[in-house]
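In: Just a sequence and a predicted model for now, questions to come.
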Amino acid sequence: MELIVAGYVKVQARRALTDLLAHRRAMLAQLQTVSGINPENAIRAIQDELAVIEAGLEELKPPPGSLPENEWS
């Protein structure tokens, strides 16, 4: 995941990172509703991936005051 995020950051693919973040959040939500098995390890892995993706998005964040807030959000 680190290499994927690093590649997206390098080419400044913010939309790809936000899509990846949304996908991982959806996976986490599904895992949290699973019954019959213990998804603890998978949940932990997804949470780690979310942290990596969020850090990548933070790297792409423009400096304060360089864009109106609504153009970044």
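Out: Alright, I've got the coordinates.

In: Could you measure from the spatially most distant residue from the centre of the chain over to Gly56?
Out: No residue in the chain sits farther from the centre than Gly36, which is 27.6 Å out by C-alpha atoms, centre = their mean. Applying C-beta to C-beta, to the nearest Å, the value for Gly36 to Gly56 is 34 Å. C-beta: built from backbone N, CA, C; applies to glycine.

In: swap in Tyr8?
Out: 6 Å.

In: so what sits against both of those two?
Out: With contacts defined as C-beta atoms under 8 Å, 6 or more residues apart in numbering, the residues shared by Tyr8 and Gly56 are Leu17.

In: Which parts of this structure are helices?
Out: Residue ranges of the helices in the chain, as given by DSSP state H, are 2-10, 14-31, 40-60, 69-72.

In: Let's have those helices in JSON lines, adding mean neighbour count.
Out: Formatted as JSON lines, these follow (neighbours: other C-beta atoms under 10 Å):
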{"stretch": "helix 2-10", "mean neighbour count": "15"}
{"stretch": "helix 14-31", "mean neighbour count": "15"}
{"stretch": "helix 40-60", "mean neighbour count": "15"}
{"stretch": "helix 69-72", "mean neighbour count": "8"}
